[in-house]
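S.K.: sequence first, then the predicted structure:
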Amino acid sequence: MTALDLQPRAIRPERLFPGDRVVSYLLLLLTGLLTVLPLLYMVSLALQSDAETFAGDPVLIPAAPQWDNFVRLFEAAPFGRFFLNSLVMAGAITISHLVFDPLIGYAFAKFDFPGKRIAFVAILTTLMVPFFVRMLPIYAIFSQLGWTDTYRGLVVPFLIDAYGIFLMRQFISPLPNELMEAARVDGASELRIYAQIILPQLKPALAVLGLFSFVFQWNEFLWPLIATSRTEMRTMPIGLTLFNQEYFTQWNLTAAGALILFLPTALLFVLTQRFLVRGIALSGLK
Amino acid sequence: MARRQAVTAWLFLSPAVVFFPLMFFLPIGSQLNAALFGGVTSSEYVGAGNFTRALADPEVLHSFLITLGFAAGSLVVGIVLGLLLALVLNQSLPGRTLFRAVILIPYLTSISIIGLLWRNILDPQVGILNRLLDAVGLPGQAWLSTHPLATIIGIEVWATVGYTMVLFLAGLQGIPEVYFEAARIDGAGPWRRFLHLTLPLLAPTTLFVSIIGVIGALQQFALPYIVTGGGPGNDTSLYAHRVFRVAFNDNQFGYASALSLLLLVVILVLSVVQLKIGDRTHDGA
């Protein structure tokens, strides 16, 4: 992909869009409302009483907000457990990405070694293999190993991320070599050079990688649906979807669960608003 | 020194040396095995049987065709809207950072939230949309029964237009400023500059968006699974949803493996096309 760099450089006022500011703002406002209003309606839905949800006469704003729904939700299904499972899955995969992706990216950025090109191309090709086409065989293998309905089974297929490796390589390549070479002359071990010279310079890149890895894994739908069958091993997205299938009239409770599932996205949005767009363009996450 | 370098590099690479073969190359090999030998449990050799069956299976063909329709629909609408938003947001407007981020929220939102939320909003009985349409004097619709595929396309566009916008923004920033200055000096107005300069120069981005869009559509499973269950009938049972049903509802693991490998072949071809075109634009520009 070309032109990943979304630096806010000089803006050309009338260069590209042959319209005026009013039209621009109208379009942005309309799109913004279309994006936000359904999500706000989810908040309203989560606070509606059973009568309001069932009545077949939907309301925009509940007469009296039912905060109690957030308690009833946890009584109706083990949402606490779903939350914990999601936290473990997304957390473990994120930590693994943060440990391995920069280490491997560093090897490609700063070392010359036999087999480098082949190794690089091999990892590059995995980018073309979406999870869907390796899901069935991994499921078959994990079933035989007894890894379904385990955290191991949820986590292992995603432990290293080729996107993360390339992102890290991009960040490490331009770093100067002088410090590394000086440390080598001083007899520092290679691991120490990595940990004390390279890693500290990667903090912003690691923050982006960590946040996006976490949110994307937290939202992952397909694999946890297949790799778990016991209720207590379901993750939030699966638990919520199955809850809705069972309690299909309880839209208020479903919406309350959806709000809890939405928390990491909201947090990511608040934390990274200014560099969210650049982060996505850089990370190239699908 | 060179030797020490090589040993260190391979030590750092060792997690990848274990992970990628075990989680990518081995599974695909074992999937081919499963396709050739019927299934995981039954080990009768069927050879190419599962593949030839797939090519003649009307349900598979149907799912493939509606997936192409889904891809075409969501791409046309998504590209027009995404490009428009990118053009608007490439100007120096106060508040543009906020707007860009807001439009990206659905892209970072769980598909299960998106699917469930829209199923509720569009519901003919309890949904708010028909209620609002009614209030302004427009007729309500049983959206997911009368126009299921179009409705799913609409939800897909809502969820992904922010990402398309980001890609177009990156494309726009890659266009050298001198082109526009030259055109301005030659007296080209804004519309002509857009039609004859911006649009052609964005062609590689448009192609990139289209290819990843088709690849994404071919794997779109969660949307039909959550919103329509593939129905009514098989109207929204996209290819990935069909493969899932063959594997886990019909328990035909070998056949599902063959369908999954065919998908991989299509995706690899599309990815190679994309890489080739990427190379060409690099050389040209």
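M.R.: On my side now, so go ahead. Numbers count the residues shown, from 1 in each chain, chains lettered A, B, ... in the order given.

S.K.: nearest the geometric middle of the chain, what residue?
M.R.: Since you didn't name a chain, this refers to chain A. residue A:216 (2.0 Å; C-alpha atoms, centre = their mean).

S.K.: my bad, chain B
M.R.: So for chain B, C-alpha atoms, centre = their mean, it's residue B:216, sitting 2.2 Å from the centre.

S.K.: show residues contacting the helix or strand containing that one.
M.R.: Secondary structure from DSSP states H and E places residue B:216 in helix B:203-218. If you take C-beta atoms under 8 Å, 6 or more residues apart in numbering or on different chains as the criterion, helix B:203-218 is touched by A:1-2, A:130, A:286, B:67-68, B:70-71, B:74-75, B:78-79, B:82-83, B:160, B:164, B:167-168, B:170-171, B:238-240, B:263, B:266-267, B:270-271, B:273-274, B:277-278, B:281. Where you see a C-beta, it was placed from the backbone N, CA and C, and this is true even at glycine.

S.K.: buried subset of those?
M.R.: In the contacts of helix B:203-218, burial by neighbour count holds for A:130, B:67, B:70-71, B:74-75, B:78-79, B:82-83, B:160, B:164, B:167-168, B:170-171, B:238-240, B:263, B:266-267, B:270-271, B:274, B:278, B:281, counting by 16 or more other C-beta atoms under 10 Å in any protein chain shown.

S.K.: quick one: the helix ranked longest in chain A to chain centroid distance?
M.R.: When chain A is parsed with DSSP state H, its longest helix is helix A:79-110. Relative to the chain's own centre, helix A:79-110 is displaced by 10 Å; criterion: C-alpha atoms, centre = their mean, to the nearest Å.

S.K.: with stretch B:200-209 instead?
M.R.: For stretch B:200-209, the distance to the chain centre is 16 Å (C-alpha atoms, centre = their mean).

S.K.: now do stretch B:187-206
M.R.: Using C-alpha atoms, centre = their mean, the offset of stretch B:187-206 from its chain centre is 26 Å.

S.K.: okay, how far is it across it, tip to tip?
M.R.: 27 Å (C-alpha to C-alpha, to the nearest Å).

S.K.: what is the mean pLDDT for that stretch?
M.R.: For stretch B:187-206, mean pLDDT rounds to 87.

S.K.: that one: which residues count as buried?
M.R.: Quick answer for stretch B:187-206 (16+ other C-beta under 10 Å): B:188, B:190, B:193, B:194, B:197, B:198, B:201, B:202, B:204, B:205, B:206.

S.K.: closest one of those residues to chain A?
M.R.: Among the buried residues of stretch B:187-206, residue B:190 lies closest to chain A (C-beta to the nearest C-beta), at 3.3 Å.

S.K.: so where's the stretch 1-150 of chain B uncertain?
M.R.: Along the stretch 1-150 of chain B, the parts satisfying pLDDT under 70 run over B:1, B:39-43.

S.K.: show me where it has helices.
M.R.: Ranges of helices in the stretch 1-150 of chain B, per DSSP state H, counting those that start in this stretch, are B:2-20, B:26-36, B:49-56, B:58-89, B:96-104, B:111-122, B:128-135, B:143-146, B:148-173.

S.K.: returning to that earlier point: which elements pack onto the longest helix of chain A?
M.R.: helix A:116-126, helix A:151-155, helix A:162-172, helix A:203-219, helix A:236-246, helix A:251-272, helix B:2-20 (3 or more C-beta pairs under 8 Å, 6 or more residues apart in numbering or on different chains; DSSP states H and E).

S.K.: identify whichever of these lies nearest to residue A:48.
M.R.: helix A:251-272 (4.6 Å; C-beta to C-beta).

S.K.: return the set of buried residues in the closest one.
M.R.: Applying 16+ other C-beta under 10 Å to helix A:251-272 flags A:251-262, A:264-265, A:268-269, A:272 as buried.

S.K.: what's the neighbour count on residue 210?
M.R.: With no chain named, the answer covers chain A. 16 (other C-beta atoms under 10 Å in any protein chain shown).

S.K.: the intended chain is chain B.
M.R.: With other C-beta under 10 Å as criterion, residue B:210 counts 18.

S.K.: just the one 4 residues further on next, same as before
M.R.: A count of neighbours around residue B:214, defined by other C-beta under 10 Å, yields 20.

S.K.: for residue B:109, same thing?
M.R.: 22.

S.K.: these two touch, right, it and residue B:159?
M.R.: Yes. Between residue B:109 and residue B:159 there is a contact under C-beta atoms under 8 Å: 7.4 Å.

S.K.: now do the shared contacts for the two.
M.R.: Contacts common to residue B:109 and residue B:159, judged by C-beta under 8 Å, 6+ apart, are absent.

S.K.: endpoint to endpoint, stretch B:215-225 covers what distance?
M.R.: 18 Å.

S.K.: show me what counts as buried in it.
M.R.: Result for stretch B:215-225 [16+ other C-beta under 10 Å]: buried residues B:215, B:216, B:217, B:218, B:219, B:220, B:221, B:222, B:223, B:224, B:225.

S.K.: so residue B:73 sits right up against residue B:151, yeah?
M.R.: No. Between residue B:73 and residue B:151 there is no contact under C-beta under 8 Å: 10.6 Å.

S.K.: neighbour count for those two, which is higher?
M.R.: The neighbour count for residue B:73 versus residue B:151, taken as other C-beta under 10 Å, is higher for residue B:151 (21 against 18).

S.K.: ok, now which ones touch the more buried one?
M.R.: B:122, B:143, B:144.

S.K.: how many neighbouring residues does the last one have?
M.R.: Summarising burial for residue B:144: neighbours were counted as other C-beta under 10 Å, giving 24.

S.K.: ok, the second one next?
M.R.: Close neighbours of residue B:143, defined as other C-beta under 10 Å, add up to 22.

S.K.: tell me the spacing between it and residue B:154.
M.R.: To residue B:154, residue B:143 is 9 Å away according to C-beta to C-beta, to the nearest Å.

S.K.: with the first one instead?
M.R.: Relative to residue B:154, residue B:122 is positioned 9 Å away (criterion: C-beta to C-beta).

S.K.: so for these two, which sits in the more crowded spot?
M.R.: Just comparing residue B:122 and residue B:154: by other C-beta under 10 Å the higher neighbour count belongs to residue B:122, 20 against 17.

S.K.: hmm, the more buried one is touching residue B:145, no?
M.R.: No. Shown here, residue B:122 and residue B:145 do not form a contact pair, counting by C-beta under 8 Å, at 9.9 Å.

S.K.: please look at residue B:44 and residue B:37 and confirm they touch.
M.R.: Yes. At 6.8 Å, residue B:44 and residue B:37 qualify as touching, with contact defined as C-beta under 8 Å.

S.K.: who's more crowded, those two?
M.R.: A direct count of neighbours by other C-beta under 10 Å for residue B:44 and residue B:37 places residue B:37 higher, at 17 against 9.
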